[in-house]
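> Just need the structure, nothing else, for what follows:
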Amino acid sequence: MTLNVVQCALRVLGEPEPEVKARLSAEYLAAWQAGELGCTDLLQLVEPWKLKRGKGGSLASRQALLHSLVHIENWAVDLAWDIIARFGPDPDYRLPPAFFADFVKVAGDEARHYSLLDQRLQATGSHYGAFPCHDGLWTSASATGGSLPARLAVEHCTHEARGLDVLPQTIHRFRSNGDRASATLLESVIFVEEITHCAAGVRWLRYLHAQAWAAREWPWPDRDGGGGTPAGSSGSQAEAAGGTPPHIPAWVTEARAYETVETWFHALIRAHFRGPLKPPFNDAARAQAGFGPEWYLPLASVGAG
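Just a heads-up that it's a prediction; the model follows:
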């Protein structure tokens, strides 16, 4: 696939090292002058309802299905690194090393998924960028950019879980139409690992809820890492004594309004996700990821199928 100038520009803009930035700029100038750098063949983004992929009965339909999966994995790589960079340093969350370990692994998995699916797409005679796609995942990420609980609920406990719901049917479409290689890749590698990615979202939303309720028993440190209010003292008592009232992050106050993580999840989805969740649900895969019907059925559209 020919390099395109927009992708190169984004790479240069995202490069923090001045020496590398200069080297890449020189390389891309030479590639442009040699006619090796195109300005076309960029991703064509359209509304989701405009996409027509078919059911895999033709080569073009199977290519469109693979293209959609490649595009999803491309966004997933960005999302995994974004959750680390955006929320990891925020003292309001006090995230332990295990959080970073989980999402670094997710990023590595998604990058490998992208490469494997892109290879399959190319093996069919197509390439990434040949079909239109939508940016729903990144739109949701942008909408949840100010809240780690919302990001976990929408991207990792809802969009990722929806992938678990639809992948078995996608696998069947490839296999029933003779593309055993794509079916095997999806079934033996991607589906299995996507369960663990969804589990990471569930695990860290549970963690945040537990931390918020634990904070009722002891003060949340101030943003500079200090002690805040002594245990058992109220903010007003601390101020009267000349102390510093505790810093209570907004997400902690929000989480404390819900006695269970499931009801908090419902509130997060209603606030940050458009529309109801659509069945059918892959209950078995969702259970493996650590959350049962009590999480999603209260949010499901009535009569949808």
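
> so what's the backbone phi/psi at Val192?
Dihedral pair for Val192: phi -60, psi -40, per degrees, to the nearest 10.

> ignore the last one, Cys133
The phi/psi pair for Cys133 (degrees, to the nearest 10) reads phi -150, psi 180.

> you'd agree it is up against Leu69?
No - counting by CB atoms under 8 Å, Cys133 does not reach Leu69; the two are 10.3 Å apart. C-beta: built from backbone N, CA, C; applies to glycine.

> Of the two, which one has the most company?
Higher neighbour count among Cys133 and Leu69: Leu69, with 24 against 21, using other CB atoms under 10 Å.

> how much space between that one and Glu193?
Noted for Leu69: a distance of 13 Å to Glu193, by CB to CB, to the nearest Å.

> what do you get for Ala30?
When distance is defined by CB to CB, Ala30 is 39 Å away from Glu193.

> Show me which of the two is the more surrounded one.
Taking neighbours as other CB under 10 Å, Ala30 and Glu193 compare with Glu193 leading, 15 against 11.

> What's the per-residue pLDDT of that one here?
Glu193 carries a pLDDT value of 97.

> State the helix or strand in which it lies.
helix 191-214 (DSSP states H and E).

> Can you give the distance of that helix from its chain's centre?
Averaging C-alpha positions (CA atoms, centre = their mean, to the nearest Å) puts helix 191-214 12 Å from its chain's average.

> Which elements pack onto that helix?
helix 97-123, helix 148-151, helix 160-176, helix 250-255, helix 261-272, helix 283-288 (3 or more CB pairs under 8 Å, 6 or more residues apart in numbering; DSSP states H and E).

> Tell me which of those is the most buried.
Neighbour counts (mean count of other CB atoms under 10 Å) averaged over each of the helices and strands packed on helix 191-214 peak at helix 148-151, with a mean of 24.

> helices and strands around that one, which ones?
helix 59-87, helix 191-214, helix 250-255, helix 261-272.

> Relative to the whole chain's centre, how far out is it?
The answer for helix 148-151 is 10 Å, by CA atoms, centre = their mean.

> got the CA coordinates for it in CSV?
What follows is helix 148-151, C-alpha atoms only, in CSV (Å, rounded to 0.1, in the frame of the first residue of the first chain):
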residue,chain,number,x,y,z
LEU,A,148,-11.9,7.1,33.2
PRO,A,149,-15.0,5.3,34.6
ALA,A,150,-17.0,6.4,31.5
ARG,A,151,-14.2,5.3,29.2
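
> on that earlier part again, indicate which one of the helices and strands packed on helix 148-151 is closest to Thr158.
helix 261-272 (6.3 Å; CB to CB).

> Can you report the mean pLDDT over the residues of that closest one?
For helix 261-272, the per-residue pLDDT averages 97.

> Give me the buried positions along the helix holding Glu193.
Buried positions in helix 191-214, judged by neighbour count with 16 or more other CB atoms under 10 Å: 191, 194-209, 211-212.

> what's the neighbour count on the residue lying closest to His113 once chain neighbours are set aside?
If the residues on either side of it in the chain are set aside, His113 comes closest to Glu73, at 4.4 Å by CB to CB, 6 or more residues apart in numbering. Using other CB under 10 Å, Glu73 has 21 neighbouring residues.
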